[in-house]
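Q: sequence and predicted structure, then a few things I'm wondering about:
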Amino acid sequence: MPVDDPRALRAVAVAVAVAAARHVATRRPEVFSPVGDAPAVGAPSGEAVATKSTPTDPVTVVDTETEDLIRALLGQLRPDDAILGEEGGGEAASTEGVRWIVDPIDGTVNFLYGVPAFAVSVAAQIDGESVAGAVVDVAAGAVYSAARGHGATLHDAAGGAHRLRCNTVSEVSMSLLATGFGYGRDRRLRQGALIAGVLPRVRDIRRIGSAALDLCMVASGRVDAHFEHGLSPWDWAAGALIAAEAGAVVRVPGPDTMSAAGAVVVAAAPGIAAELDAMFDELGVLAPIPD
């Protein structure tokens, strides 16, 4: 199998993401001190938490440690490839050849508060398109992965393997949607207004707090669609591929489009994709919401 075959790249993505998830799971109780009788919930000890784009956008020492680990592992396994990571940036702006897109903890606010919905995301892109990826739901011990043209799979904590397929829902009015919100006040105001238009026309809306997990939930049928403005490549590179390989109709921005541009990412079960797209167009959901 060629080293740049999507299946070979998926194997690397899975191995690296699983190792990183193990580090995340081990480090959380070491970095966060227990509160009351709930050891899974804690307050940061020392200088474990800093902020990024806004005071409500955190990064923890475990984010940076985990990205360092991922870079080291990829450096051993794929020394000639470029890496774009949420915390460490990217040494190569070019999308030519193989580039790894990594998010050490997607759902850092959940991680910070002890909400069990955060993930490690590792994707390989070739010439700017995702061809392999893995998302590990750290708390559940679930590994989602995909290789372009070879489908998407869930390996659960018990060792079972499941081929992923989207739901067969056929009406938007009966669909369960997942979404997320930005950290800036102005974007949140606009997102809230859009939600007010969408909510009466669907079954319900869920806000999990991790775009990578939302996209994997589209793939597994736990939700019927996901949409969100202002994601960066590391938020969707693996999850969008997993959703697409499970049959979802996916809309993503360019491979170097960052959060500030406010572009929308959409993944929808095929039976509702056209109707949802038309509704989103009518409501203005498809328009960007820049910072």
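A: Looks like it arrived, so ask away.

Q: going forward, measure contacts and count neighbours with C-alpha atoms only.
A: Noted.

Q: show me the strands in the stretch 151-291 of the chain, by range?
A: Secondary structure of the stretch 151-291 of the chain (DSSP state E, counting those that start in this stretch): strands at 152-155, 161-163, 176-179, 204-206, 225-229, 249-251, 264-268.

Q: TSV for those, including mean neighbour count, mean pLDDT and distance to residue 96?
A: As requested, the strands of the stretch 151-291 of the chain are exported to TSV (neighbours: other Cα atoms under 10 Å; pLDDT from 0 to 100; distance: least, Cα to Cα, whole Å):
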stretch	mean neighbour count	mean pLDDT	distance to residue 96
strand 152-155	22	98	25
strand 161-163	14	97	31
strand 176-179	23	98	31
strand 204-206	15	98	36
strand 225-229	26	98	26
strand 249-251	19	98	21
strand 264-268	25	98	23
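
Q: can you add distance to residue 242 and give those strands back as a markdown table?
A: Formatted as a markdown table, those follow (distance: least, Cα to Cα, whole Å):
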| stretch | distance to residue 242 |
| --- | --- |
| strand 152-155 | 6 |
| strand 161-163 | 11 |
| strand 176-179 | 16 |
| strand 204-206 | 19 |
| strand 225-229 | 13 |
| strand 249-251 | 10 |
| strand 264-268 | 10 |
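
Q: among these, which is nearest residue 109?
A: strand 176-179 (15.3 Å; Cα to Cα).

Q: neighbouring contacts of the closest one?
A: 202-208, 211, 214, 223-228 (Cα atoms under 8 Å, 6 or more residues apart in numbering).

Q: tell me the strands beside it, with direction?
A: strand 204-206 (parallel), strand 225-229 (parallel) (DSSP bridges).

Q: out of these, which comes closest to residue 27?
A: That would be strand 204-206 among the strands paired with strand 176-179, by Cα to Cα, at 28.3 Å.
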